[in-house]
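Sequence first, predicted model second:
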Amino acid sequence: MGEKNRRRAVRAAGVTAGAVLVTLLSSPAAHALRRDDGDDPGSGLSIAETLGLFVLTPLLLFAVIAGLVVLADRRR
């Protein structure tokens with residue numbers, strides 16, 4: 001491995017480690033064991049609602065944006 005590739009690998013590892021550290025430090029509330037006073041989380045989502053919200057909606061949004069890009073490109 002050349003010196004240039006080694007520097008890139010070290011830089012990539014540093015950026016990755018920094019991103020992981022920022023993510024872990026910014027989400028301590030997600031790992032809380034106790035509920036806060038006044039906390040009212042509501043009912044949970046069903047599997048269908050979860051898949052629709054976190055899978056189907058982004059896929060549909062991606063398809064719409066890709067379709068608009070293709071249409072705009074075809075008009076030229």
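Structure's in. What do you need? Residues are numbered from 1 along each chain as shown.

so where does residue 69 fall, helix or strand?
helix 57-74 (DSSP states H and E).

buried sites along that helix?
For helix 57-74, a neighbour-count test (16 or more other Cβ atoms under 10 Å) marks nothing as buried. Any C-beta I mention is one placed from the backbone N, CA and C, and that applies to glycine too.

Check the offset of it from the chain's centre.
20 Å (Cα atoms, centre = their mean, to the nearest Å).

same check, this time on stretch 42-51
19 Å.

One more: stretch 38-56?
17 Å.

For the chain, give the helix that spans the most residues.
Assignment by DSSP state H gives helix 3-25 as the longest helix of the chain.

per-residue confidence averaged over the helix or strand just after that one?
Downstream of helix 3-25, the next assigned helix or strand under DSSP H and E is helix 47-51. Mean pLDDT, helix 47-51: 94.

CA-only coordinates of helix 47-51 in CSV, if you can.
C-alpha atoms of helix 47-51 as CSV (Å, rounded to 0.1, in the frame of the first residue of the first chain):
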residue,chain,number,x,y,z
ILE,A,47,-45.8,-3.4,11.3
ALA,A,48,-47.8,-2.2,8.3
GLU,A,49,-47.7,1.4,9.4
THR,A,50,-43.9,1.2,10.2
LEU,A,51,-43.2,-0.3,6.7
